[in-house]
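# no FASTA, just this:
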């Protein structure tokens, strides 16, 4: 007798509802417990996936010592990447604090605006009037707009604190990724079993490989290039003592993700550097060469890191980066672009799959 044709009675329906309720409630509790660590674990997983091939090569040279290889990669990563990131983060906090201290002391001086500011579209005349008022009497201007200015500085300070929190999260994710790489083989097998359970054995392996390749291509090919270029230029900005060095470095990273040239930031920096009287001629020449090399560094990095190509279109990466940053701050800039690209590739793979349609 086939049990599938037997209708469910009241008792079996009640048992099924109780089981489903318990399963859903348990899932809800697990998600609630895991939620505070979700971003950290996702970022660690992405780092581990990107660095796993390097980890495997290094472990073979170390006598198949998985833990030793992962520890070495984490230590080197903290030294090479972590140190500049921390320096830029501290630079951002120091700059914001200095500006706020000058504002609180009432010693801030503002130069008068140029006449052509009036001709700026939409905001020209209003901006010129406010700017002129501030340049004539800064103290009176601050008293008249104290609430707005104080609120603005509080938001900037909060953003600086959020940036430092993102730096700390990045360092923590790098350490956790070391543990993931040390047990990478078991983790890969477990993810494959999960994918097989969800999509079937025929598509499980393909889905896993597609996700891994998309994460590596987007992370290294787009975000990696923008991140490295921003670090190179950011270090020069700090050494040259350019104001708001961390903000400018972050802007360079945004432009890199947008596939726009870093010269948009570098040219005004060079104009400011040469027009100021605080630096010597030799220092200006050195940093000019340094910034030009940094602005052109993506031409060297892209052929190296974009060897496999990025399967996701740039608008998808851009929307993911901006949306991720709006939702989760600086760390979301990286996570959003990667996750949306993976989702796009999985969706398009499903759209292009015609085998199931032909069977129908």
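Thanks, I have the structure now. Nothing here was measured: the structure is a model prediction, and the numbers come from that model.
# okay, CA-based contacts and neighbour counts for the rest of this
Fine.
# ok, longest helix in the chain?
The residue-count maximum for a helix in the chain (DSSP state H) belongs to helix 146-182.
# name the helices or strands packed onto it?
Packing partners of helix 146-182 (3 or more Cα pairs under 8 Å, 6 or more residues apart in numbering; DSSP states H and E): helix 38-61, helix 66-77, helix 83-105, helix 330-352.
# After it, which helix or strand is next?
Heading C-terminal from helix 146-182, the first helix or strand you meet, by DSSP states H and E, is helix 184-199.
# what angle separates whichever helix or strand comes after that next one from helix 330-352?
Using DSSP H and E, the next helix or strand after helix 184-199 towards the C-terminus is helix 201-218. Orientation of helix 201-218 against helix 330-352 (axes from the mean of the first three to the mean of the last three Cα atoms, to 10 degrees) gives an angle of 140 degrees.
# counting contacts, what elements does helix 201-218 pack onto?
Under the contact definition 3+ Cα pairs under 8 Å, 6+ apart, helix 201-218 sits against helix 38-61, helix 184-199, helix 330-352.
# what distance separates that helix from the middle of the whole chain?
Helix 201-218 has its C-alpha centroid displaced from the chain centroid by 22 Å (Cα atoms, centre = their mean, to the nearest Å).
# If you count neighbours, what's buried in it?
204-208, 211, 213-218 (16 or more other Cα atoms under 10 Å).
# hmm, back to that, any chance of the helices and strands packed on helix 201-218 in TSV, plus distance to residue 175, mean neighbour count and mean pLDDT?
Shown next, in TSV, are the helices and strands packed on helix 201-218 (distance: least, Cα to Cα, whole Å; neighbours: other Cα atoms under 10 Å; pLDDT from 0 to 100):
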stretch	distance to residue 175	mean neighbour count	mean pLDDT
helix 38-61	8	19	86
helix 184-199	14	14	82
helix 330-352	16	20	78
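# closest to residue 300 out of those?
Of all the helices and strands packed on helix 201-218, it is helix 38-61 that lies closest to residue 300, at 19.9 Å by Cα to Cα.
# one step back: so can I have JSON lines of the helices and strands packed on helix 201-218 showing distance to residue 265?
Compiled in JSON lines, the helices and strands packed on helix 201-218 are given as follows (distance: least, Cα to Cα, whole Å):
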{"stretch": "helix 38-61", "distance to residue 265": "28"}
{"stretch": "helix 184-199", "distance to residue 265": "40"}
{"stretch": "helix 330-352", "distance to residue 265": "19"}
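# Out of these, flag the one nearest residue 30.
For these, proximity to residue 30 was assessed by Cα to Cα; helix 38-61 is nearest, at 11.5 Å.
# now the closest one against helix 66-77, angle please.
110 degrees.
# Mind giving me the packing neighbours of helix 38-61?
Counting contacts by 3+ Cα pairs under 8 Å, 6+ apart, helix 38-61 packs against helix 66-77, helix 146-182, helix 201-218.
# still on that earlier bit, quick check: which of the helices and strands packed on helix 146-182 is nearest to residue 268?
Set against residue 268 and scored by Cα to Cα, these come closest in helix 83-105, at 18.7 Å.
# Pull out the buried residues from the next helix or strand after that closest one.
Scanning forward in sequence from helix 83-105 by DSSP H and E, the next helix or strand is helix 124-136. Judged by neighbour count (16+ other Cα under 10 Å), helix 124-136 contains these buried residues: 128, 131-132, 134-135.
# Make a markdown table out of the residues you listed and add distance to residue 254.
Shown next, in a markdown table, are the buried residues of helix 124-136 (distance: Cα to Cα, whole Å):
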| residue | distance to residue 254 |
| --- | --- |
| 128 | 29 |
| 131 | 28 |
| 132 | 32 |
| 134 | 31 |
| 135 | 32 |
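# picking that back up, rebuild the buried residues of helix 201-218 as a markdown table, extending it with pLDDT and distance to residue 38.
Shown next, in a markdown table, are the buried residues of helix 201-218 (pLDDT from 0 to 100; distance: Cα to Cα, whole Å):
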| residue | pLDDT | distance to residue 38 |
| --- | --- | --- |
| 204 | 77 | 24 |
| 205 | 79 | 25 |
| 206 | 78 | 25 |
| 207 | 79 | 22 |
| 208 | 81 | 20 |
| 211 | 80 | 18 |
| 213 | 79 | 22 |
| 214 | 78 | 20 |
| 215 | 80 | 17 |
| 216 | 77 | 20 |
| 217 | 75 | 22 |
| 218 | 75 | 20 |
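# Let's have the residues you listed in CSV, adding distance to residue 148.
Below are the buried residues of helix 201-218 laid out as CSV (distance: Cα to Cα, whole Å):
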residue, distance to residue 148
204, 55
205, 56
206, 54
207, 51
208, 51
211, 46
213, 48
214, 44
215, 42
216, 44
217, 44
218, 40
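# farthest pair in these?
Pairwise over the buried residues of helix 201-218, using Cα to Cα, the maximum falls at 204 and 218, 21.4 Å.
# Alright, I will stop here.
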